[in-house]
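Q: Structure, please.
(chains A, B, C, D, E, F, G and H)
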8 protein chains.
Amino acid sequence: MHKKSLKKILKNIRDRKISLQQGIQLLKELPYVDLRFAKLDAHRALRRGFPEVIFAEGKTLEQIGQISGSILAREGILFITRADQKVFNYLKKTYPSLKYHPLARIIYNKKLDKRKKGGKILIVSAGTADLKVAEEARLTLEVMGCKVGVLYDVGVAGIHRLLDKIGILNKAAVIIVVAGMEGALASVVSGLVSKPVIAVPTSVGYGASFKGIAPLLTMLNSCSPGIGVVNIDNGFGAGYLASLIIGNRE
Amino acid sequence: MHKKSLKKILKNIRDRKISLQQGIQLLKELPYVDLRFAKLDAHRALRRGFPEVIFAEGKTLEQIGQISGSILAREGILFITRADQKVFNYLKKTYPSLKYHPLARIIYNKKLDKRKKGGKILIVSAGTADLKVAEEARLTLEVMGCKVGVLYDVGVAGIHRLLDKIGILNKAAVIIVVAGMEGALASVVSGLVSKPVIAVPTSVGYGASFKGIAPLLTMLNSCSPGIGVVNIDNGFGAGYLASLIIGNRE
Amino acid sequence: MHKKSLKKILKNIRDRKISLQQGIQLLKELPYVDLRFAKLDAHRALRRGFPEVIFAEGKTLEQIGQISGSILAREGILFITRADQKVFNYLKKTYPSLKYHPLARIIYNKKLDKRKKGGKILIVSAGTADLKVAEEARLTLEVMGCKVGVLYDVGVAGIHRLLDKIGILNKAAVIIVVAGMEGALASVVSGLVSKPVIAVPTSVGYGASFKGIAPLLTMLNSCSPGIGVVNIDNGFGAGYLASLIIGNRE
Amino acid sequence: MHKKSLKKILKNIRDRKISLQQGIQLLKELPYVDLRFAKLDAHRALRRGFPEVIFAEGKTLEQIGQISGSILAREGILFITRADQKVFNYLKKTYPSLKYHPLARIIYNKKLDKRKKGGKILIVSAGTADLKVAEEARLTLEVMGCKVGVLYDVGVAGIHRLLDKIGILNKAAVIIVVAGMEGALASVVSGLVSKPVIAVPTSVGYGASFKGIAPLLTMLNSCSPGIGVVNIDNGFGAGYLASLIIGNRE
Amino acid sequence: MHKKSLKKILKNIRDRKISLQQGIQLLKELPYVDLRFAKLDAHRALRRGFPEVIFAEGKTLEQIGQISGSILAREGILFITRADQKVFNYLKKTYPSLKYHPLARIIYNKKLDKRKKGGKILIVSAGTADLKVAEEARLTLEVMGCKVGVLYDVGVAGIHRLLDKIGILNKAAVIIVVAGMEGALASVVSGLVSKPVIAVPTSVGYGASFKGIAPLLTMLNSCSPGIGVVNIDNGFGAGYLASLIIGNRE
Amino acid sequence: MHKKSLKKILKNIRDRKISLQQGIQLLKELPYVDLRFAKLDAHRALRRGFPEVIFAEGKTLEQIGQISGSILAREGILFITRADQKVFNYLKKTYPSLKYHPLARIIYNKKLDKRKKGGKILIVSAGTADLKVAEEARLTLEVMGCKVGVLYDVGVAGIHRLLDKIGILNKAAVIIVVAGMEGALASVVSGLVSKPVIAVPTSVGYGASFKGIAPLLTMLNSCSPGIGVVNIDNGFGAGYLASLIIGNRE
Amino acid sequence: MHKKSLKKILKNIRDRKISLQQGIQLLKELPYVDLRFAKLDAHRALRRGFPEVIFAEGKTLEQIGQISGSILAREGILFITRADQKVFNYLKKTYPSLKYHPLARIIYNKKLDKRKKGGKILIVSAGTADLKVAEEARLTLEVMGCKVGVLYDVGVAGIHRLLDKIGILNKAAVIIVVAGMEGALASVVSGLVSKPVIAVPTSVGYGASFKGIAPLLTMLNSCSPGIGVVNIDNGFGAGYLASLIIGNRE
Amino acid sequence: MHKKSLKKILKNIRDRKISLQQGIQLLKELPYVDLRFAKLDAHRALRRGFPEVIFAEGKTLEQIGQISGSILAREGILFITRADQKVFNYLKKTYPSLKYHPLARIIYNKKLDKRKKGGKILIVSAGTADLKVAEEARLTLEVMGCKVGVLYDVGVAGIHRLLDKIGILNKAAVIIVVAGMEGALASVVSGLVSKPVIAVPTSVGYGASFKGIAPLLTMLNSCSPGIGVVNIDNGFGAGYLASLIIGNRE
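A: Now for the predicted structure:
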């Protein structure tokens, strides 16, 4: 398309249907066309497994409704993070086929087909209170068509529970570790296997965890290399990164 | 080796050269042997591309010398990060074949053979002052046998330099982004391609960069998902994580 | 007025209606009169486009009511920031002509006439959740009689949307960039054009944005010079500063 | 120039000196050319008063030498910030015409001609210890061809010194306030005049100034609107922003 | 009382009613008695103008009720800070003569007689939103029998309002400055007069005031010496310190 | 059990019922068996006085219900911290014998028998507002069968109250100090006696206590050595540590 | 002087030597004259016991030399804080009568005569390492003519040393407490007496004192009211404030 | 001594050598005498195993020399922490029998006899760079007469090294864990055994360890209860606390 329109401009210049001046003016617009190409590329990215995603916090119901409608019409797939029940109830009226996962606070309309290639992603969490972040990661991956396994409640206070599962850790292609409090689980998991670890600090903990700063620093400073850290409570981001790592293998 | 010694114990039991009681006693030591297993596993990991690594800061010359000798004897490959010229001069006397990269502050004795499988890792850096961290990542990857490319000095102050290279970005399997000051480069790169991005904040900058806190926060909070963050100035950690991601593909 | 009263004192001295001693006594009060001058200057400032402004947070309804009455009587123009619906309902009873913009949380009674001179101010925002801060800036500028344009939802996660609009960026006299999360948009915009950029970090984001500290640091540390930063979520301050820059040109 | 080369391609197409196919191929390079545009624009920006600038900290002498050579050849004007005497001595050998301002830590080769249009920029500093930052701003502006005035050592501990100069403040088009310790000067200056104020916190002070955090926060939180803040000790950034504000008026 | 019991012991020894050994045993308890002395001293302190004070936050209604009863019985004067309406309603039932100042959040039963000696304490506040802290200081001083004056809403955004009142500032023996946002008022006031200034940062402000950290740092780093800082929003503490300064003069 | 199964494997090898290869394979599983041992050890730890503990915050009622049921069935003793009334009401329906301490926010079913050996633990608190943390420590110790004494409301504002009780301090085997505001009590207590002190900072205080950071830092920096610090408001952790210290003596 | 010139203007108006218009113009300049008054007041303040003070850090030798010369000529008294030996050696050449106190890092030329009125200021310090800050306060007070006493090395690790001296504490008019590490001494001293306490946190301590933040927070959060805090290591500021408090009594 | 003087006073009263009034006066001084008692108690504490300790940082050589002389004369045992070689060389001249441990930076004259009672203290460290802190703890304990064992270089990056030593962990009475970087070792060790753990964060690590804040927070937030934390790098404090725990058992 772009190539055609470019050709047409040049043809018109050659055929002197438009002046040089007009041609220069038209070509000045070319970057836009190039950038429209880029947008088409975004479409392609979507078809490869990554839906456009809405971050619900800080948006009004009306805003979420409008963006959702536009994405559904254009992409056919909707994925909303940090959505509370109110958002779901609001959207539900217009789009009755939407689903809601209250613990993960995710609204979505469907899961993509499981990918043929690429390994399994294992989500490891430290405690029950980290579950909502772990579930956000899990659902993100499932909607994106990734294979996911979970290993919950294996915090380092009872490290035997984890050591018992080294076999499972070793079978994963990528490991997401979700942990609050001191977040030591990421270091321990990373030290046990030669897999890339994505660490998600959570805001779970007593006072001096400072809403997740403590496990965040723990994970950034891990004495065991091979860990990439995402934002506090950002289960979605961890899932997304894991999906990119896996996705590259196809 | 371990397997051999295990076999030998069992053989001796089978052949009744040692009593059951003696066998149990010997096998009680198995956790050690198991741990030696673990160490053997470390050997395997090494052969797969990851040397045991010494972090030189905070260690005395004597300590580094002893650990280096032990690793060289056992592993045949030595890799030391955060080493200044003094450390190199000290080790050089005993191990004349060691090499030193002053900008990356790395001492090593050899590079592993280039891996057959797995894509190329692209290191993108924002400014000249980020080079030493970027070079630490590059040399880490080279020693580990990974294919590496670099794209230096493409900070967002002149974003055209980066946009011009989208083709190169798209060919990478993993992208490491090294940036100080505000660290915005990681977000921009991540938004342009569907590749996992490893972000390394550097301590380069004016006062309120707080020795790397500013780019660290920038990278953790990126509006573009798909970024895993490592510690400030931790080029080695970024290289190591990238190598794990690539390595899994073999 | 003040000038008149000053003239009157001097006239009375000249005409020997009051003694020198009495004149000195009266003029000793001049600092007050001088300060009234200063207040007159405030009037002038107002006429030039800047209303006196009330920051509603932390004030009781009664306090806001009294200050509003006094300002309306003296200035004829009222502008209140950070006002919730309750404040508006309270004031509305007494001053039925007041208007309220719930997203921007601004109460005002009228917009000044559009200035004849001075360029257009462009407000660029990263995401939908930044809208309330962006709208606070926009309404501030409109009430102050400035020409304003907006370019919303062009965050760096999809930088094409922004690059597509370089023409619009270049036509602005001043650009206000409103962004939360990592706030990288300010650096990118500043790097694209040679215009002064006013950056407003917002408190929108996941945990480690620390209610706006992350984008605040990003903006302060921008590798692209030419950015002045205002307080977190301070859309009003950004508008005010932009207006001062434009206003000086008249 | 670019326009010329674009014109030439189109002309050649029109004149059928090159085929449509060749034209498309050449124009495919346009993004590069566009980027060269951007670079040409940089040239223009330079001629308009803004040199390309090297931040010396964290760069080796060799790196600074190479970049300096490349910029001098391409731009004819060199401007280096945060340069110590050692850098100057190193460059001086190759480029004997370079000048060095030790207090401002700036190396430069010439000052641009004073701009015809645009007002004067006033630099106000609180104490003698803030001088090196203030001088960095002053020299930045002078090299960029701006008119500059200074008002040094008028900190709020003796506010009379400042009030005495309101006339001078009012004559400035833009005011840069440089202050360490508690940084209150920015608020006071901003409250006195209706001019845009650029505030530069400095790292001067006792313990709890935390190397500039205290004045940084003071300036961001000023009760007087109309202040844009730059990074700690960033005199260059303040000068650059002031120059952009003035520059737009031409 | 204590003196009496001490006398009695000694008398009994002298009169040989108790043995030396018994006397020593009894006097071993003297530290307790001494400590009761200390408590008597507390009584004296109270009579000199300082009531025992209850900090209501974090205490249950029942706890406050019990402590209040005990203090009222023992001291005859009750002073409770940080008390909301609920606390007052609860106490009111039992102690109908209690008074409540909702803005200052103080419950008290009476004001001490005005001191004969010692100067006046002036409370200066920056904005209307700082009033509740300023009023906490004022009421504290009034209950303690100090002479108090106030100068409210003279923030540095319009410094003329303050300069107009230098006469009033100079007449004060001690000045309490209450300010939020950037808190510059303390520096300016301190620079104008040779009086001890007690600075109270308030939590009033936009995002980067960080609930009072900004004015706290401003006040600690004041370039004008002669300022003592108390905790954020601690109007009571400021009043108490001022009272100690004045009180010493009697 | 483990020993038996090990013996059986070795016997089978000796008796050539299984091949060497099979034996090696089976022994490779041994670490799991070892780890199962470890779990048995955990059971033992419980019998020695430490129940498994549930941290209620961040868990749903259903989650707490399920975990409680499982622990009660397996261990016969239930201990839940940070539980509000809602949690208690929910559990109460199923487990009517549960008890609830609203101030300490602890749910439990029984207290272990008082230990025969080991000294008394003394809990010292600074103010009434610290009571809920102190009570959490006290109840933790009582449920664990420790002897506990309390010394409440002896903050350093009236140090006589504390000095009066040195005898009680000296009789304790371990002292837990609970203090908010500036937390100086821990230093003072530690300086008075030669006992290990466990310090618990609480989030009680004015603005600059930063929800417990102030007393936390105070306690970590105590000029009096011999203090171990636990997390802010972590009365449970303090009790647990004290119990371990005492418990080791049996 | 000012009065004279004012009189002259009015006279000239009366005598019709200047027009009303000219008179108004001249009087517009009056604030300056008023401000010159204020400067005369500064002189007076100096004569009352407070020298102008130079903060040496961040100033070049030349700058310090020039300012010193100007102050000595104008005021006859010189007082420089934070001066190292190099500064003294430099000034000594020109002003041989200067004295230097290396521990307090103060340069001065003479001490003012002891004040007749006003009580004694007691400086209490916690440890030997706090001495340089304590001595800075002491010398400041001595140069200002105040009566000073010291009570060094009475930290709370051995609180008996302090309790032993309550008599001395009670005789002071103002107490300056200098303490690093956890800074608890200020709370304890304040709780013992009814005197205003000026607290100076010092940067002495282990890691988590964060160069004085720990004692700073301790002092701000003291449970004992009546403490005013100055900046970290700011012995000069503490002395200055104490002198203002005493000075008011004359 | 005190008892004697007390007896004497009472005797004089009984024998009517002094009046009741005189007796009361003399006994008013008793608190001093009581406090002298307390000092005698300090002597006793010393004999029980705890020397008075000098913290060398921030003290001049002369100060250290004087304090050392006084302590040696009075106590016969000297223990100095944070002492560099220069301090040792200085003291060595006067006290040639002093010993110096350069890694632990401790100067001491002798080790107390090994205690008969009380268990062994085990010091566990994560990496070689943590050694100097671990050695400070070890030497502290040895000088105090405690039994000490060490387990160095068992960081969680290779957790097998630690698990292999559970037997050794279980034999300890108290475990000191010294770890930098992310400090996860404390949680893991605490989760493995039922022993009190004293955790010492060290300042070893990359940028975001913030000189020990990361491991400090990790240790405070440990999901495994039973950990008491001391200051960053405070090996001495950890040893001292461990000694108090052990010491109580005698």
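
Q: how about A:Leu72, what does it touch?
A: Residues in contact with A:Leu72 (C-beta atoms under 8 Å, 6 or more residues apart in numbering or on different chains) are A:78, A:95, A:109. Backbone N, C-alpha and C define where each C-beta goes, glycine included.

Q: per-residue confidence for the residue of chain A found nearest chain G?
A: Residue nearest to chain G within chain A: A:Ala208 (11.4 Å; C-beta to the nearest C-beta). As predicted, A:Ala208 sits at a pLDDT of 72.

Q: do you know how far it is from A:Ile123?
A: Separation of A:Ala208 from A:Ile123 (C-beta to C-beta, to the nearest Å): 26 Å.

Q: Helix, strand or coil: sort out the residue of chain A closest to chain G for me.
A: helix (DSSP: H, G, I helix; E, B strand; the rest coil).

Q: residues contacting it?
A: So, once contact is read as C-beta under 8 Å, 6+ apart, A:Ala208 ends up touching A:214, F:212-213, F:216, F:231-232, H:217, H:220-221.

Q: Secondary structure added to those residues, as JSON lines?
A: As requested, these are exported to JSON lines (three-state DSSP):
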{"residue": "A:Ala214", "secondary structure": "helix"}
{"residue": "F:Gly212", "secondary structure": "helix"}
{"residue": "F:Ile213", "secondary structure": "helix"}
{"residue": "F:Leu216", "secondary structure": "helix"}
{"residue": "F:Asn231", "secondary structure": "coil"}
{"residue": "F:Ile232", "secondary structure": "coil"}
{"residue": "H:Leu217", "secondary structure": "helix"}
{"residue": "H:Leu220", "secondary structure": "helix"}
{"residue": "H:Asn221", "secondary structure": "coil"}
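
Q: In CSV, list those along with distance to A:Asn170.
A: Shown next, in CSV, are the contacts of A:Ala208 (distance: C-beta to C-beta, whole Å):
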residue, distance to A:Asn170
A:Ala214, 29
F:Gly212, 41
F:Ile213, 41
F:Leu216, 40
F:Asn231, 34
F:Ile232, 38
H:Leu217, 31
H:Leu220, 33
H:Asn221, 29
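
Q: List, out of these, those positioned next to chain E.
A: Among these, not one lies near chain E by C-beta under 8 Å from any C-beta of the partner chain.

Q: Weed out the non-buried ones from these.
A: By neighbour count, with 16 or more other C-beta atoms under 10 Å in any protein chain shown, the contacts of A:Ala208 hold A:214, F:212-213, F:216, F:231-232, H:217, H:220-221 as buried.

Q: what would those residues look like in TSV with pLDDT?
A: As requested, the buried ones among the contacts of A:Ala208 are exported to TSV (pLDDT from 0 to 100):
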residue	pLDDT
A:Ala214	87
F:Gly212	86
F:Ile213	87
F:Leu216	91
F:Asn231	93
F:Ile232	92
H:Leu217	90
H:Leu220	91
H:Asn221	90
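
Q: Against A:Gln21, how distant is the residue nearest to A:Ser222 when sequence neighbours are not counted?
A: Leaving aside its chain neighbours, A:Ser222 sits nearest to A:Ser187 (4.3 Å; criterion: C-beta to C-beta, 6 or more residues apart in numbering or on different chains). According to C-beta to C-beta, A:Ser187 and A:Gln21 sit 65 Å apart.

Q: residue of chain A with the smallest distance to chain H?
A: For chain A, C-beta to the nearest C-beta, closest residue to chain H: A:Ala184, 3.4 Å.

Q: and A:Val178, that one's in a helix?
A: No: using three-state DSSP, the secondary structure at A:Val178 is strand, not a helix.

Q: That one - how many residues pack around it?
A: 34 (other C-beta atoms under 10 Å in any protein chain shown).

Q: per-residue confidence for the residue of chain A closest to chain H?
A: As predicted, A:Ala184 sits at a pLDDT of 89.

Q: how does chain A divide into domains?
A: Per the TED database, the structural domains of chain A span A:31-108, A:121-248.

Q: What's the mean pLDDT across the shortest one?
A: In this case it means domain A:31-108. On average, domain A:31-108 scores 76.

Q: mind listing what A:Asp113 touches?
A: Contacts of A:Asp113 were listed using C-beta under 8 Å, 6+ apart, and they are A:Gly145.

Q: in chain A, which spans are helices?
A: Taking DSSP state H to define them, one finds helices in chain A at A:2-14, A:20-28, A:30-47, A:61-75, A:85-94, A:131-143, A:160-163, A:166-171, A:185-192, A:213-220, A:235-247.

Q: closest one to F:Glu62 among those helices?
A: helix A:131-143 (11.3 Å; C-beta to C-beta).
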